[in-house]
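[1] With the input below, show me the fold.
(one chain, ligands or ions: 1)
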Amino acid sequence: MSNNKHTDTLFAAPLEPAPFEFNAQVADVFDNMIQRSVPGYAFLLEVISVLAQRYGQADSQCYDLGCSLGTTTLRLRQNLPASCHVIGVDNSAAMVGRCQHNMARDNSQASYEICQQDIQDAKIQNASIVILNFTLQFIEDQQRQSILSNIYDGMKPGGVLLLAEKICFNSPQQQALQTDLYHDFKRCQGYSDLEVAQKRAALENVLVPNTLQQHYQRLEQAGFKQIEVCMQCFNFCALLAFK
Ligand SMILES: C[S@@+](CC[C@H](N)C(=O)[O-])C[C@H]1O[C@@H](n2cnc3c(N)ncnc32)[C@H](O)[C@@H]1O
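    A predicted model of the protein is given here:
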């Protein structure tokens, strides 16, 4: 793998254990990190193009909650009707600064704003599309239901939520197999055993996955009428939930 300043080598050398944070160091290499760490990430960008073209309603708002550097926010904006307004939300200052820079270089017509805010405080209104691409897993478990209910309440009829998450499994055998396969995937992406182990330790209690069943239950409780799996790669899954 060619190494440059944007290649993720954050966990390559032995480190003192510390919880993972979305700080400036992570933001600098985040594009490379997410592409090499999330199986199916590139596919989900294509899904977002499809969703924006099909479900982006004229004069509506489209949200990207946990927008990081704006990779998904840009995809959304580039495929929406010009009358849509795109709102990216992230609580990391390092991410928001870089996201604003990336968005400003794009000249698609839909208007946008990038807010540094906790998604628990985000006001969702008149929404035809909401994206939660690997964000809910970083929110405290007890807060997840109210976030999904708030999203549902702020969505227009015919609106769609994309919920992508790392998931876990009730069966210990399935959990062990999917985790092993995922770690093999990371090694194929050029991460060493030490990088895999240190990143895993840093994410412990920071990224807390749920089962697919828990996600279905919450989405149904929020009010979503139809829920479809649109991607599963090992222990990573994306659901489409329709109002
Ligand atoms: C895995 S990244 C999301 C990746 C991004 N959606 C993409 O597809 O490129 C998770 C993001 O959620 C943000 N985040 C975590 N907890 C948050 C919260 N409570 N409110 C807002 N943003 C949050 C982090 O700062 C980080 O940028």
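
[2] quick one, phi/psi of the residue in the chain positioned nearest to the ligand?
    Residue of the chain nearest the ligand, by CB to the nearest ligand atom: Gly66 (3.0 Å). No exception for glycine: its C-beta is placed from N, CA and C like everyone else's. Gly66 has phi and psi values of phi 80, psi 60 when expressed as degrees, to the nearest 10.

[3] check contacts around it.
    Val89, Asp90, Ile119, Leu132, Asn133, Phe134, Thr135, Leu136, Phe138 (CB atoms under 8 Å, 6 or more residues apart in numbering).

[4] How about stretch 122-133 and the ligand, any contact?
    Yes. Applying CB under 6 Å from any ligand atom, one finds stretch 122-133 in contact with the ligand at Asn133.

[5] so Gln178 makes contact with Asn235?
    Yes. In this structure, Gln178 is within contact of Asn235 by CB atoms under 8 Å, at 4.3 Å.

[6] Give me the common contacts of these two.
    Phe169.

[7] give the contact list for Cys84.
    Gly56, Gln57, Ala58, Asp59, Ser60, Gln61, Cys62, Ala110, Ser111, Ser128.

[8] What pLDDT does the model give it?
    At Cys84, the pLDDT value in this model is 98.

[9] Phi, psi for the nearest residue to it once chain neighbours are set aside please.
    Nearest residue to Cys84, sequence neighbours excluded (CB to CB, 6 or more residues apart in numbering): Ala110, at 4.5 Å. Main-chain dihedrals, Ala110, degrees, to the nearest 10: phi -60, psi 140.

[10] doesn't Val86 make contact with Ala110?
    Yes. Counting by CB under 8 Å, Ala110 touches Val86, with 5.5 Å between them.

[11] the more surrounded of these two?
    When neighbours are counted by other CB atoms under 10 Å, Val86 comes out ahead of the other of Ala110 and Val86, with 27 against 19.

[12] Double-check that the more buried one belongs to a strand.
    Yes. Assessed with DSSP: H, G, I helix; E, B strand; the rest coil, Val86 lies in a strand.

[13] Show me the beta-bridge partners of it.
    Cys62, Tyr112 (DSSP bridges).

[14] In contact with it: list those residues for me.
    Val86 neighbours (CB under 8 Å, 6+ apart): Gln61, Cys62, Tyr63, Asp64, Thr73, Leu76, Arg77, Leu80, Ala110, Ser111, Tyr112, Glu113.

[15] if you set the cut-off to 7 Å instead, what comes out?
    Shown in contact with Val86 (CB atoms under 7 Å, 6 or more residues apart in numbering): Cys62, Thr73, Leu76, Arg77, Leu80, Ala110, Tyr112.

[16] Can you tell me what sits against the lowest-mean-pLDDT helix or strand in the chain?
    One helix or strand of the chain scores below all others by mean pLDDT, DSSP states H and E: helix 193-203, with a mean of 92. For helix 193-203, the external contacting residues (CB under 7 Å, 6+ apart) are Phe11, Ala12, Leu15, Pro17, Ala18, Pro19, Phe20, His183, Lys186, Arg187.

[17] Appreciated, that's everything.
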